[in-house]
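1. Using only what follows, build the 3D model:
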Amino acid sequence: MERRSCCPLLLLVIMASVALSLIGYKHIQTELLNEITSELKFSETVQRRTELDLTNLQLEFQNKNMEMDILQKDFNDHDVEIKKEVLVQQKMTEEVKACQDLLAKMNENIAGVEKEKADVEGNFAASKTTWNKDITDFKKQLEQPSQVCAYLKTGTDADGLCPKTIVQNTTQQENKKS
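-> Numbers count the residues shown, from 1 in each chain. Have a look, this model is predicted:
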């Protein structure tokens, strides 16, 4: 009996060992499951963060593309305006050159006209001097009695052309002669 009594006890110990082993195994499996669950949650969190980061990066990329499109459009607009301004500046430069050329021609014409004016003024001054001399000579001649008046007789048609003093002197000289 003793032998028999040992068997159930041994069986009980083996069963207890197997039960304890199963409990230990289950405990290890539970811990592994908790650890794997924890890692899975962490991985899911990391994945969600990565997805959010990717979404944010995509949105930022789209915003930067939109900004780049706007800047490109502004650049193109400014480039067109700059080209227009360059054309306007070139046209104005051509106009300024044309005006400067015209001014140079006008200055040449003015110089020619001023030279001609100086020549005319010089000729006029010389002529004026000559005329003034002639006028002075003519005035002197007018102030002197004409030799014709000495031979005129009183009562003739030319009597009014000679000064009376000369006519009277002539008459007196005739009277003295007679």
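2. what about the protein, any weak spots by pLDDT?
-> 1-5, 145-146, 149-178 (pLDDT under 70).
3. mind running it again at 50?
-> 1, 166-167 (pLDDT under 50).
4. How is it partitioned into domains?
-> Domain assignment for the chain, taken from automatic domain parsing, gives 1-85, 140-178.
5. biggest helix in the chain, by residue count?
-> helix 2-143 (DSSP state H).
6. Please identify the deepest-packed of the domains of the chain.
-> domain 140-178 (a mean of 12; mean count of other C-beta atoms under 10 Å). For the C-beta atoms, the positions are set from N, CA and C on the backbone; glycine is no exception.
7. CA atoms only: put stretch 74-82 into CSV for me.
-> Extracted C-alpha coordinates of stretch 74-82, given in CSV (Å, rounded to 0.1, in the frame of the first residue of the first chain):
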residue,chain,number,x,y,z
ASP,A,74,5.1,87.0,-59.8
PHE,A,75,8.5,86.4,-61.3
ASN,A,76,7.1,86.0,-64.8
ASP,A,77,4.9,89.1,-64.3
HIS,A,78,7.9,91.1,-63.1
ASP,A,79,10.0,89.7,-65.9
VAL,A,80,7.4,90.9,-68.4
GLU,A,81,7.3,94.3,-66.7
ILE,A,82,11.1,94.6,-66.7
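8. Much appreciated, bye for now.
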